[in-house]
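1. Turn this into a model:
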Amino acid sequence: MPVRPRRAAIALATTASMAVLASACTGSAGNGASDDPNAKTTITFWHGWSAPSEVKAIQDNVDRFEKAHPNITVKVVGNINDDKLNQALRAGGSNGPDVVSSFTTANVGKFCASGALADLKPFIEKDKLDLDKTFPKVLQEYTQFEGVRCTLPLLSDAYGLYYNKDAFEAAGITAPPKTWSEFTQVAKKLTKPKGDSYEQLGFMPNYLGYETVVSHYMSQWDHTYFDANGKSNVAKDPAFAEMMTYQKSLVDSLGGFAKLDRYRTTFGDEWGAKHPFHTGQVAMQLDGEWRLNFIKDAKVGFEVGVAPLPVADDEVAEYGKGYLSGTIMGIAPQSEKQNAAWQLVKYMTTNTEAVVNFANGIGNVPSTLEALKSPNLKFDPRFKTFLDIAQHPESTTSDGAVNGSTYQDTLQDFAQKYEKGQVTDLKKGLQETAAQIDRDIAQAK
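-> Numbers count the residues shown, from 1 in each chain. Sure, this is the predicted structure:
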């Protein structure tokens with residue numbers, strides 16, 4: 001089962017203020033980091049996983065942690081979405097969690113800037129944890145904001161291209177495309193129109209298609225969301241216009257937005273057996289590593305291939321890169337057991353055995369450098385493609401912001417209007433979008 005997708009950001013309306021740091025041997029002052037980590041205690045851990053296999057994988061890791069730390073008992077509470085998590089962090093009190101995890105990496109900027117999660121720097125310094133030797137660079141980036149590290153990565157996601165090998169063979173296609181111009185030709189070859197619909201669509205390019213969102217497309221173009229002064233760069237960096245121009249050309253070449261969107265409404269649930277890739281409705285799919293498990297569970301009746309997503313035509317040397325995301329883990333600032341909580345966070349996120357076992361359990365990409373190289377990883381041979389994407393030096397993630405993913409939502413809204421043809425002046429539209437992003441961020445500070 002997967003780490004859940006990051007398409008829709010969950011707003012964090014927290015007013016907690018940043019706590020004052022104490023000495024390097026404890027956490028934040030006045031918030032319970034003075035507890036004795038060797039004392040017998042119980043801590044509460046909230047997470048968002050809900051499927052039986054996911055819950056079991058979490059509990060198995062907690063059981064191993066408790067065996068290694070017999071003085072600490074962990075009360076595990078699953079199926080906690082970000083709405084519930086945010087409410088608890090705002091409310092504080094003894095009934096809330098000590099340790100939390102979230103699928104929404106886009107909200108790290110909010111978590112860290114507002115003090116909604118405790119600063120982990122004192123714990124990291126006390127234990128002399130070398131982050132550069134522990135985590136890949138991109139994962140380090142999306143778990144901190146403007147120098148404040150309030151989370152650590154707990155497994156990660158890498159996005160790539162799934163393709164129907166049987167459909168490829170039938171169309172005379174011998175290999176997955178490496179550039180977007182090649183991709184257009186392949187997608188058109190794989191498309192079989194049927195009246196005002198399709199018997200088979202090569203690829204669903206619409207931004208409302210499963211996982212085909214701006215941030216995932218943008219990973220395949222060299223780009224920068226913000227300039228050195230923290231201002232939106234979407235109008236000044238030509239990569240954004242290039243991506244949107246290409247995406248719209250793909251929409252138009254495959255039948256136009258209206259026709260594609262009608263077809264999209266016939267798709268089954270993204271997380272069910274009737275996913276359009278499973279059923280053969282689409283022959284290629286942008287998706288994360290977890291789709292391999294879903295394909296197996298759905299007993300898909302054709303051979304599936306995986307590859308990195310194509311790259312911009314002038315960036316072919318960077319083929320193999322992709323979009324990275326993942327789960328984050330942190331400590332509630334109101335917890336009175338932060339030193340014990342840190343032991344669980346450190347174990348879950350840095351212990352190689354724990355990371356490998358959890359990755360094996362739910363089919364996600366390991367989040368530490370050692371775990372990525374572990375001989376104990378068990379996976380479908382195709383999974384290696386995602387391991388390689390996760391370690392590619394040009395793979396990227398979305399930039400953090402003080403207001404979380406609001407800037408991504410604003411950019412996505414504009415992109416949807418552009419693909420529909422509701423906006424015709426791309427340059428002007430991107431300028432107005434950049435101005436809105438800047439206003440939203442200024443208001444959030």
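
2. Can you show me the strands along the protein?
-> Listed in chain order, the strands found in the chain under DSSP state E are 41-46, 72-77, 99-102, 152-164, 192-194, 197-200, 284-288, 304-307, 324-331.

3. what about Trp180, distance to Lys40?
-> Distance of Trp180 to Lys40, given as CB to CB, to the nearest Å: 58 Å. All C-beta atoms are positioned from the backbone trio N, CA, C, and that covers glycine.

4. can you check Leu324 too?
-> For Leu324, the distance to Lys40 under the criterion CB to CB works out to 39 Å.

5. Of all the strands of the chain, which one comes closest to Ala241?
-> Each of the strands of the chain has some distance to Ala241 by CB to CB; the shortest is strand 284-288, at 20.6 Å.

6. Which elements pack onto that closest one?
-> Applying 3 or more CB pairs under 8 Å, 6 or more residues apart in numbering; DSSP states H and E, one finds that strand 284-288 contacts strand 152-164, helix 180-190, helix 276-279.

7. Give the ranges of residues in the chain that sit below the confidence cut-off.
-> Within the chain, the set of residues satisfying pLDDT under 70 comprises 1-32, 92-94.

8. redo that, cut-off 80
-> Within the chain, the ranges that satisfy pLDDT under 80 run 1-33, 82, 86, 90-95.

9. Give me the longest helix you can find in it.
-> Ranked by residue count under DSSP state H, the longest helix found in the chain is helix 426-444.

10. what packs against that one?
-> Helices and strands touching helix 426-444, as assessed by 3+ CB pairs under 8 Å, 6+ apart, comprise helix 238-253, helix 406-420.

11. For that helix, list every residue counted as buried.
-> By 16 or more other CB atoms under 10 Å, the buried positions in helix 426-444 come out as Leu426, Gly429, Leu430, Thr433, Ala434, Gln436, Ile437, Asp440, Ile441.

12. quick one, what contacts the first one?
-> Counting by CB atoms under 8 Å, 6 or more residues apart in numbering, Leu426 touches Ala241, Met244, Thr245, Tyr418.

13. Which residue comes closest to the third one once chain neighbours are left out?
-> Once flanking residues are discounted, Thr245 sits nearest to Leu426: 6.8 Å by CB to CB, 6 or more residues apart in numbering.

14. what about the one you found, distance to Phe226?
-> Taking CB to CB as the measure, Leu426 and Phe226 are separated by 20 Å.

15. cool, and Lys75?
-> For Lys75, the distance to Phe226 under the criterion CB to CB works out to 40 Å.

16. neighbour count winner among those two?
-> The residue with more neighbours, out of Lys75 and Phe226, is Phe226; 19 against 12, by other CB atoms under 10 Å.

17. give me the beta-bridge partners of that one?
-> The bridge-partner assignment for Phe226, based on DSSP bridges, gives Ser232.

18. That one touches Ser232, doesn't it?
-> Yes. Counting by CB atoms under 8 Å, a contact exists between Phe226 and Ser232, whose distance comes to 6.3 Å.

19. follow-up on the earlier one: Leu324 and Lys40: which has the busier surroundings?
-> A direct count of neighbours by other CB under 10 Å for Leu324 and Lys40 places Leu324 higher, at 30 against 10.

20. Contact partners for the more buried one?
-> Contacts of Leu324 were listed using CB under 8 Å, 6+ apart, and they are 138-139, 142, 156-159, 219, 389-390, 395-397.

21. do that again at 6 Å, thanks
-> When contacts are counted by CB atoms under 6 Å, 6 or more residues apart in numbering, Leu324 touches Val138, Ser156, Ala158, Ser395, Thr397.

22. Specify which member of those is nearest to His275.
-> Proximity of the contacts of Leu324 to His275 was ranked by CB to CB; the top entry is Ala158 with 18.7 Å.

23. Any figure for the gap between that closest one and Glu303?
-> 21 Å.

24. the more surrounded of those two?
-> Under the criterion of other CB under 10 Å, the comparison of Ala158 against Glu303 puts Ala158 first, with 26 against 12.

25. Can you name the residues bridging to the most centrally placed residue in the chain?
-> Within the chain, the residue whose C-alpha comes closest to the C-alpha centroid is Ser325; the distance, by CA atoms, centre = their mean, is 2.8 Å. Here Ser325 sits in beta bridges with Asp157, as judged by DSSP bridges.

26. That one against Tyr159, yeah?
-> No. The pair Ser325 and Tyr159 fails to qualify as a contact (CB atoms under 6 Å) at a distance of 7.8 Å.

27. who are the neighbours in contact with Ser253?
-> By CB under 6 Å, 6+ apart, the contact list for Ser253 is empty.

28. so which of the helices and strands packed on strand 284-288 is the most packed in?
-> Ranked by average neighbour count under the criterion mean count of other CB atoms under 10 Å, those are headed by strand 152-164 at a mean of 25.

29. Identify all contacting residues around it.
-> Contact partners of strand 152-164, identified using CB under 6 Å, 6+ apart, comprise 3, 101, 135, 139, 143, 176, 216, 283-285, 287-289, 291, 302, 305-309, 322-327, 329, 348-349, 359, 364-365, 367, 385-386, 389-390.

30. got the angle between that strand and strand 284-288?
-> For strand 152-164 against strand 284-288, the angle by axes from the mean of the first three to the mean of the last three CA atoms, to 10 degrees is 170 degrees.

31. can you state the direction angle for strand 152-164 and strand 324-331?
-> Between the axes of strand 152-164 and strand 324-331, defined by the same axes, to 10 degrees, the angle is 160 degrees.

32. Distance from strand 152-164 to the middle of the chain?
-> Taking the mean C-alpha point of strand 152-164 and that of its whole chain, the gap between them comes to 8 Å (CA atoms, centre = their mean, to the nearest Å).

33. Could you tell me the angle between that strand and helix 180-190?
-> 50 degrees.

34. pull the CA atoms of strand 152-164 into PDB?
-> As requested, the backbone C-alpha atoms of strand 152-164 are provided in PDB (Å, rounded to 0.1, in the frame of the first residue of the first chain):
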ATOM      1  CA  LEU A 152      12.700  13.800   9.600                       C
ATOM      2  CA  PRO A 153      11.900  11.600   6.600                       C
ATOM      3  CA  LEU A 154      10.100   8.200   7.100                       C
ATOM      4  CA  LEU A 155      10.200   6.400   3.800                       C
ATOM      5  CA  SER A 156       9.900   8.200   0.500                       C
ATOM      6  CA  ASP A 157       8.100   8.100  -2.800                       C
ATOM      7  CA  ALA A 158       9.700   8.300  -6.300                       C
ATOM      8  CA  TYR A 159       7.500   8.900  -9.300                       C
ATOM      9  CA  GLY A 160       8.100   7.300 -12.700                       C
ATOM     10  CA  LEU A 161       6.300   6.000 -15.800                       C
ATOM     11  CA  TYR A 162       4.300   2.700 -15.900                       C
ATOM     12  CA  TYR A 163       3.600   1.300 -19.300                       C
ATOM     13  CA  ASN A 164       1.600  -1.500 -20.800                       C
END
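
35. Cool, thanks, talk later.
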